[in-house]
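> sequence first, predicted model second:
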Amino acid sequence: MTTAIDEFLPALLRMWRELLDQPEAGQDTDFFYAGGSSILAVQLLQRARDTFGLRIPLDALITASTPQLFAERLAALRDTHS
């Protein structure tokens with residue numbers, strides 16, 4: 001069985017690292033504490049929408065601001081729209 005970690009986390013970690021310009025960012029790196037701005041948040045959401053083909057609400061990153069939590073949120077969104 002594929003978990004949220006397997007399905008979403010690798011791509012999310014790449015997005016976090018690229019947008020924040022922090023190659024060491026890990027699964028528990030908070031987007032906003034690590035320097036993410038509202039403009040970068042919109043870019044991240046758009047990349048995630050394009051990559052995963054999901055309708056992701058604007059508040060998703062605010063309530064799940066680490067790659068780990070965001071992956072879990074995406075899995076929940078996927079499951080409710082399947």
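Now that the structure is in, tell me what you want to look at.
> now the one helix or strand Thr51 maps to: buried residues?
Counting by DSSP states H and E, the element that carries Thr51 is helix 38-52. For helix 38-52, burial by neighbour count (16 or more other CB atoms under 10 Å) applies to Leu40, Ala41, Leu44, Leu45, Arg47, Ala48, Phe52. The C-beta positions use only the backbone N, C-alpha and C, and glycine is treated the same way.
> helix or strand right after it?
Following helix 38-52 in sequence, per DSSP H and E, is helix 60-63.
> that next one: how far from the chain's middle?
Centre-to-centre, helix 60-63 and its host chain are 9 Å apart (CA atoms, centre = their mean, to the nearest Å).
> go on, stretch 52-70?
Averaging C-alpha positions (CA atoms, centre = their mean) puts stretch 52-70 5 Å from its chain's average.
> hmm, who's touching it?
With CB atoms under 8 Å, 6 or more residues apart in numbering as the contact definition, stretch 52-70 has outside contacts at 5, 8-9, 11-13, 16, 25-33, 36, 41, 44-45, 48-49, 72-74, 77-78, 81.
> with stretch 28-39 instead?
16, 19-20, 22, 25, 40-41, 44, 61, 65-68.
> can you pick the most crowded of those residues?
Among the contacts of stretch 28-39, the one with the most neighbours (other CB atoms under 10 Å) is Pro67, at 26 neighbours.
> do you know the pLDDT at it?
Pro67 is assigned 97 on the pLDDT scale.
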